[in-house]
Every structure is written in structure tokens, then in C-alpha cells.
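>>> Okay, predicted coordinates and the sequence, questions at the end:
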Amino acid sequence: MKILNLGCGHKVSTHPDVINIDWSMYLRIRASGILSALVPLLLHGERRKRYARLPRNILLHDLSQGIPFPENSVDVIFHSNMLEHLDRSNAEQLLAEALRALKPGGIHRIVVPDFEHKCRAYMAHIEQCKHTPQARSQHEDFIELLLEQSVRREAVGTSRQPPLRRFIENALLGDARSRGETHQWMYDRISLENLLQRVGYHDIKLMRFDASGVPGWDQFGLDTHVDGSEYAPGSLYMEARK
């Protein structure tokens, strides 16, 4: 079985059936002889640790250029907390490209932050504020859960750097949106199903983090921690077939 883990970041699988694919800044630094030699100058603190922890079994590829596999050649395509970082038109293009690469009957498993879950938490806190006035002090946190990552201007890592370094990084790398850090859209179970239908998928099902139509899904460790607990709580899990 061939499984693609798109936009994997640090969440990779060591299973031989899984091909982890990403285009992160850290991977591009590692792929460049010159930049990798400059790592002691470029990366410090937590960034240096993150670079050192970067798994080796990741294929460096820019998914805006398509999925680098032939038509009807892949059994499963998976991505987690990635689709929401794409503009809506680009998200639809990626789903169509995944449909091209999947074998007939192949499964596309999608994990995104659940917008419905976030909205329900917000509305529940509105009700709590009516009866518990002291809860009002936490209300901005619930608005932040809905909006912060969509309106963020500066990349989080850069915002924590000294002033000169912040200026240089922003000049060279751009803002949070240009680096793909911000959310460009959010999905709930209805909107994601509508999108998948529009692209041409069928047999669309809402799933749990620990359930899948992919045989032996739990052995790949893509939706769980080592102890079997959920890796991305508050997420929406959906599968569809070609």
C-alpha cells in the first residue's frame, strides 16, 4: 500500500508504506549545502532544537506544483491541519490533484480544525458569561480561538526574535500569510463534504481520530501520539473515495 502524508511537518510515520511530504523552511535549509552550514548562525534556541529534531524520512516538495505521483498510483492520501492554510481555490485544486493521483477506490483522509466545534465553544462561553460574571475575563480567549490565526500578521517565530533579526526575517521571508502560517479558510462537516462532492469524490464519511476505512490505520500513527491518544483534539476527520 502507498500512503502519502502531505504537508507533514514534524508529524511523520516511519512505516515503509508511508511517504511523508513537506516544504517547510527547515527542510529547505537542510537541503541546501550552504544554508545547512550556516545553521548555527541562522537558528537559535527552540528553532535550533526543532531543526535538530527534523525527521530524515521526508520528501521535499512544493505541493503548489502538484502531487509528484502518476495518475491512479496512490492508495491513500492523508493531510492534517494543512488544508485550512490554503486559499479556497487552491484547496479545491489540491483535492482535485489528490483525486487524480488516487487509485480507483482509493481513500482521501482529511483532518482540519473543526469550525463547528470552535463556534460551539464560543457560544457556550457566551451563555456561561450570563450566569458567571467572572467568566468574562476569559472571553477574549474564545474569540482568539476563532480568529487569531486568520488575522495574524507576523509569523510567531519571528515575533519572538530581537528587533534587528525581526526586521531582517520579515524583509526576507515576508509576513505570516506569505509563509503559509495563517488560516485562509475554516471547515465544518457540511462545508467540507460539499467541497469533496464538488471535486468528484464519493462515499464521504465523517470519522473519528481512531477509526478509518484504511485497513490497519492505527499502525501508521498519523492521528495519534505514541500512547494512542488523539494528536489533534478539536479536529474534524473526514474520508472520501475516488
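Nice, thanks for sending it over.
>>> List the buried residues in the helix or strand of the chain with the lowest mean pLDDT.
Sorting the helices and strands of the chain by mean pLDDT, DSSP states H and E puts helix 39-42 at the bottom, at a mean of 72. Across helix 39-42, burial judged by 16 or more other Cβ atoms under 10 Å covers 39, 42. Where C-beta positions appear, they are placed from N, C-alpha and C, glycine not excepted.
>>> Name the residues that touch it?
With contact meaning Cβ atoms under 8 Å, 6 or more residues apart in numbering, helix 39-42 is reached by 29, 35, 48, 51.
>>> Pick out the most distant pair among the residues you listed.
Leu35 and Arg48 (13.7 Å; Cβ to Cβ).
>>> The helix or strand where Ile126 lies - what's its average pLDDT?
Per DSSP states H and E, Ile126 falls inside helix 115-131. For helix 115-131, mean pLDDT is 95.
>>> Kindly provide the distance from Asp203 to Asp218.
Relative to Asp218, Asp203 is positioned 21 Å away (Cβ to Cβ, to the nearest Å).
>>> What is the nearest of the contacts of helix 39-42 to Arg166?
Arg48 (17.4 Å).
>>> Could you look up the SS state of that closest one?
helix (DSSP: H, G, I helix; E, B strand; the rest coil).
>>> All further residue positions should be reported with the first residue as 58.
Renumbered: residue one is now 58, and that last one reads Arg105.
>>> Just give me the neighbour total for it.
13 (other Cβ atoms under 10 Å).
>>> Please apply the same query to Ile86.
Ile86 has 18 neighbouring residues, counting by other Cβ under 10 Å.
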